[in-house]
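J.: okay, sequence plus prediction incoming.
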Amino acid sequence: MPIYTNIEDLRRHYARRTPKMFYDYAESGSWTEQTFRENTSDFQHIHLKQRVAVDMSGRSTRSSMMGEDVAMPVALAPVGLTGMQAADGEIKAARAAEKFGVPFTLSTMSICSIEDIAEHTTQPFWFQVYTLKDDDFMRRLFERAKAANCSTIVVTVDLQVLGQRHKDLKNGLSAPPKLTAKSIANMATKIPWGLEMLKTKRRSFGNIVGHAKGVTDPSSLLAWTAEAFDVSLDWKRIAQFKAWWDGKLIIKGIMTPEDARCAVEIGADAIIVSNHGGRQLDGAMSSIRMLTSIMDEVGGEIEVHLDSGIRSGQDVLKALALGAKGTYIGRAFTYGLGAAGEEGVTRALQIIHKELDTTMALCGETDVSRLGPHNLYVPNGFADPTVKL
Ligand code: FNR
């Protein structure tokens, strides 16, 4: 394996190895990509407070998320089509997460199915639910997740309609990829990816195909989303899922204190402050900016987690210091997977762990649970950007 010292190294290698259609799918935001860019750049406005001559021995990044012990509070976010970034990608990522001791979240829109992950792992994993119109399908999805021993359900509430990502339209994104002159020419330059892909049977949406009715073209993500997703989703229906699931439930995609309050009211156990990695509402604030006001509203009542824009252990530390109990990485582990399969995901986790551990030490802290605003310099107006007009 090449020497990867940071997440950006993994991204560059991933870009070379993976067909353009799938690289572009991950490495893009909606419309102008403003929110996609600001998710990462806003972390840089927060500075860290250096402390010296503090005993830094016996450090620990161990913590818990949803009552589960974690080696560090960094879970793998649900990422659709992970099994197109590398053959059997979800199985590889789930195994890497399990060995490392962090939660893995399987997307509804995964290539490997819930049952595939259960078969290839030994610990309970988390399952992310998109809300489809078809109630029978939804009930069965919960039953399948229960049967697969999933410990937590993550209900994503920010994708009733799809934010437009220009490149996906231009590339004709689909799983399996449609064979056009352009896609064949590109895939011909990605031999190791293609050889691995030929060895697996898992090349379509494993949780959907054969389980959902009335899907005319499951290979086309964009057409299928428009057709099958529940545009009328509201808090009443989310409360119904809570009753059906009857277990630990996280609401993903909260960006305001008002919506955080609604999540508490329906009995969610946690929320994820997230703008879907800048892939939905372009022009939304970065999630790190919204964390403080959401913490003020519900931080004392439920676990607050955060994703969108995390590319380093320093970013994780900043989110934890602002109050998040846990964080997630989406693209950061996808880069690792595309670059080097299961080992690449492990490498991404190792990189982030080392950065978190060392940065914590240089801030004079020995335990992630003791991080707080005292470790940061946050510019005025950063955390509460609301301008009264
Ligand atoms: C996602 N995300 C996502 N979220 C979800 O709830 N279900 C899904 O199927 C997907 N699919 C998906 C695909 C790709 C390629 C990306 C990059 C993201 C969003 C994901 O869970 C998470 O919110 C973001 O990835 C977080 O931002 P970063 O870490 O990628 O910056």
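T.: On my side now, so go ahead.

J.: from here on, contacts and neighbour counts on C-alpha atoms
T.: OK.

J.: in the helix or strand Q240 falls within, what counts as buried?
T.: Element membership of Q240 [criterion: DSSP states H and E] is helix 235-245. Using 16 or more other Cα atoms under 10 Å as the burial criterion, the residues of helix 235-245 that qualify are I238, A239, F241, K242, W245.

J.: which strands and helices sit next to that helix?
T.: helix 135-147 (3 or more Cα pairs under 8 Å, 6 or more residues apart in numbering; DSSP states H and E).

J.: just the CA coordinates of the helix it packs on, formatted as CSV?
T.: Extracted in CSV, the C-alpha atoms of helix 135-147 (Å, rounded to 0.1, in the frame of the first residue of the first chain):
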residue,chain,number,x,y,z
ASP,A,135,-45.8,1.2,3.5
ASP,A,136,-45.5,-2.5,3.0
PHE,A,137,-42.0,-2.1,1.8
MET,A,138,-41.2,0.2,4.8
ARG,A,139,-42.6,-2.3,7.3
ARG,A,140,-40.6,-5.1,5.7
LEU,A,141,-37.5,-3.0,5.7
PHE,A,142,-37.8,-2.5,9.5
GLU,A,143,-38.4,-6.3,9.9
ARG,A,144,-35.4,-7.1,7.8
ALA,A,145,-33.3,-4.7,9.9
LYS,A,146,-34.5,-6.3,13.1
ALA,A,147,-33.8,-9.8,11.7
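
J.: neighbours of R144, how many?
T.: Neighbour count for R144, taken as other Cα atoms under 10 Å: 16.

J.: could you report the distance from the closest residue to it other than its chain neighbours to F382?
T.: Spatial nearest neighbour of R144, excluding adjacent residues (Cα to Cα, 6 or more residues apart in numbering): I114 at 7.3 Å. Counting by Cα to Cα, to the nearest Å, the gap from I114 to F382 is 40 Å.

J.: more neighbours: which of these two?
T.: I114 (27 against 15).

J.: check contacts around the more buried one.
T.: Going by Cα atoms under 8 Å, 6 or more residues apart in numbering, I114 touches L106, F127, R144, A145, A148, G206, N207.

J.: export these to CSV and tack on distance to R289?
T.: Shown next, in CSV, are those (distance: Cα to Cα, whole Å):
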residue, distance to R289
L106, 27
F127, 27
R144, 37
A145, 33
A148, 36
G206, 36
N207, 34
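
J.: filter the residues you listed down to the buried ones, ChimeraX style.
T.: Selection of the buried residues among the contacts of I114 in ChimeraX, burial being defined by 16+ other Cα under 10 Å:
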select :106,127,144,145,148,206,207
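
J.: which one of the buried residues of helix 235-245 sits closest to D135?
T.: The nearest member of the buried residues of helix 235-245 to D135, counting by Cα to Cα, is F241 at 10.1 Å.

J.: would you mind listing what in this structure touches the ligand?
T.: Selection of the chain residues close to the ligand by Cα under 6 Å from any ligand atom yields 25-26, 77-80, 107-109, 156, 274, 276-277, 307-310, 329-331.

J.: can you flag which of these belong to strands?
T.: Counting by DSSP state E, the residues of the chain next to the ligand place T156, I329 in strands.

J.: output stretch 181-198 as PDB, restricted to C-alpha atoms.
T.: Extracted in PDB, the C-alpha atoms of stretch 181-198 (Å, rounded to 0.1, in the frame of the first residue of the first chain):
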ATOM      1  CA  ALA A 181     -19.200   4.800 -25.500                       C
ATOM      2  CA  LYS A 182     -18.200   7.400 -22.900                       C
ATOM      3  CA  SER A 183     -18.600   5.200 -19.800                       C
ATOM      4  CA  ILE A 184     -16.800   2.200 -21.600                       C
ATOM      5  CA  ALA A 185     -13.900   4.400 -22.600                       C
ATOM      6  CA  ASN A 186     -13.600   5.700 -19.000                       C
ATOM      7  CA  MET A 187     -14.000   2.200 -17.400                       C
ATOM      8  CA  ALA A 188     -11.300   0.800 -19.700                       C
ATOM      9  CA  THR A 189      -8.800   2.900 -17.900                       C
ATOM     10  CA  LYS A 190      -9.900   1.500 -14.500                       C
ATOM     11  CA  ILE A 191      -8.800  -2.100 -14.900                       C
ATOM     12  CA  PRO A 192      -8.300  -3.100 -11.200                       C
ATOM     13  CA  TRP A 193     -11.700  -1.700 -10.300                       C
ATOM     14  CA  GLY A 194     -13.300  -3.500 -13.300                       C
ATOM     15  CA  LEU A 195     -11.700  -6.900 -12.500                       C
ATOM     16  CA  GLU A 196     -12.900  -6.800  -8.900                       C
ATOM     17  CA  MET A 197     -16.400  -5.800 -10.100                       C
ATOM     18  CA  LEU A 198     -16.600  -8.700 -12.500                       C
END
